[in-house]
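>>> sequence below, structure please.
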Amino acid sequence: MADDFYILDPSATDPARIRREREKARKLRKSQWWLRLVNRGICHYCERKFPPKELTMDHVVPLARGGLSTPGNIVPACSECNRDKKLHTPADQALEKLSRSGRSGNDE
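Prediction:
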């Protein structure tokens, strides 16, 4: 996945749209919903426990790929998982995992 590149939809990467979505995320960061989630201290991706201040807000579907700043698309993530995820979606990650397991399987 390190060498992946994406052709991004210009409407998804519109700077005004990104700015609006980031503003929504800033408002959500102050909400009780987010505070409860982050205070649990669990990274959505690796499921390890962290002090709440070490968790970041991550968009499961990145803003640049059309994601929105809604509770269904925002999760707490440790900085390592957030950094490694980059512009990938859960579907990208599942396909990568499948292709890795296929390569290490029974090749004829």
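>>> the strands in the chain, which residues?
55-59, 74-78 (DSSP state E).
>>> name the helices or strands packed onto the last one?
Which is strand 74-78. When contacts are defined as 3 or more Cβ pairs under 8 Å, 6 or more residues apart in numbering; DSSP states H and E, strand 74-78 packs onto helix 32-40, strand 55-59. The C-beta positions use only the backbone N, C-alpha and C, and glycine is treated the same way.
>>> quick one, it and helix 32-40 angle?
20 degrees (axes from the mean of the first three to the mean of the last three Cα atoms, to 10 degrees).
>>> report the distance from strand 74-78 to the chain centre.
How far strand 74-78 lies from its chain's middle: 7 Å, per Cα atoms, centre = their mean, to the nearest Å.
>>> with stretch 43-61 instead?
9 Å.
>>> likewise stretch 17-27?
Here stretch 17-27 is found 15 Å from its chain centre; the criterion is Cα atoms, centre = their mean.
>>> what are the buried residues along it?
Neighbour counts using 16 or more other Cβ atoms under 10 Å place 21, 25 of stretch 17-27 among the buried residues.
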